[in-house]
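Peer 1: Build me a model:
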Amino acid sequence: MQIVLASQSPSRRMILNSAGVEPLIHPAHVDEDAIIASLDGAAPADIVSALALAKAHAVAPSHQCNVVIGGDSMLLIDGHLHGKPHTETETIKRWRQQRGKTAELITGHAIIYGSQEIVETSSTTITFAEASDVDIERYAASGEPLECAGAFTLEALGGWFIDSIHGDPSSVIGLSLPVVRRALYNLGFNASDFWS
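Peer 2: Numbers count the residues shown, from 1 in each chain. Below you'll find the predicted structure:
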């Protein structure tokens, strides 16, 4: 019995590793843009949950005897959801818009074991620093935030530019240990069942 992470995110893997779990890594390949487009007008938490569930569903058939975790995070700021910026130019643009502001990072979790599935979101409030233009440009050039929801990390270089968080720090990094623990309990497991 193992946890299967339907993600190639090094941050999600790091959270599980730090918590004593060596997950199987089986990245899911889903058309995120199509899923988001199909949910036009849906609540932000519902969109993020749908993305996490699609990823878990893509991987679960190959791992019927294991616990599969799908996850997705997006930043809700000024009434708009933002995922990964993908480019330096977009990262710089977003940081110039979000510096000094407070936003909500929403992380969706879908945990599947056999025919059982649990979906839950975790929300954390983030206050961004008044980062300088030079720091924003250098941070974007580092490549670190390009594949991160909201164009930032908490645990690495991006930590310089986060003034405060209110909520679950592990959720900001990409996977809420409290959410996963509750799901495991509901599925009849203990968190310690998966420790290496």
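Peer 1: Heading C-terminal from the helix or strand where A141 lies, find the next helix or strand.
Peer 2: Per DSSP states H and E, A141 falls inside helix 133-142. Downstream of helix 133-142, the next assigned helix or strand under DSSP H and E is strand 162-166.
Peer 1: Show me what the helix holding A141 is packed up against.
Peer 2: helix 88-98 (3 or more Cβ pairs under 8 Å, 6 or more residues apart in numbering; DSSP states H and E). In this view, the C-beta of every residue, glycine as well, is placed from N, C-alpha and C.
Peer 1: Going toward the C-terminus from the helix it packs on, what's the next helix or strand?
Peer 2: With DSSP H and E, the next secondary element past helix 88-98 is strand 102-113.
Peer 1: Can you give me the buried ones in that following strand?
Peer 2: 103-113 (16 or more other Cβ atoms under 10 Å).
Peer 1: for stretch 73-82, same thing?
Peer 2: 73-77, 81-82.
Peer 1: thinking again about what came up before, and which of the buried residues of strand 102-113 is nearest A45?
Peer 2: Checking these against A45 with Cβ to Cβ, the nearest one is I106 at 5.7 Å.
Peer 1: which residues sit in contact with the closest one?
Peer 2: 44-45, 48, 73-76, 81, 121-123 (Cβ atoms under 8 Å, 6 or more residues apart in numbering).
Peer 1: For the residue lying closest to it once chain neighbours are set aside, grab the count of nearby residues.
Peer 2: Distances taken as Cβ to Cβ, 6 or more residues apart in numbering place V48 nearest to I106, at 4.8 Å, with adjacent residues excluded. By other Cβ atoms under 10 Å, 30 other residues sit near V48.
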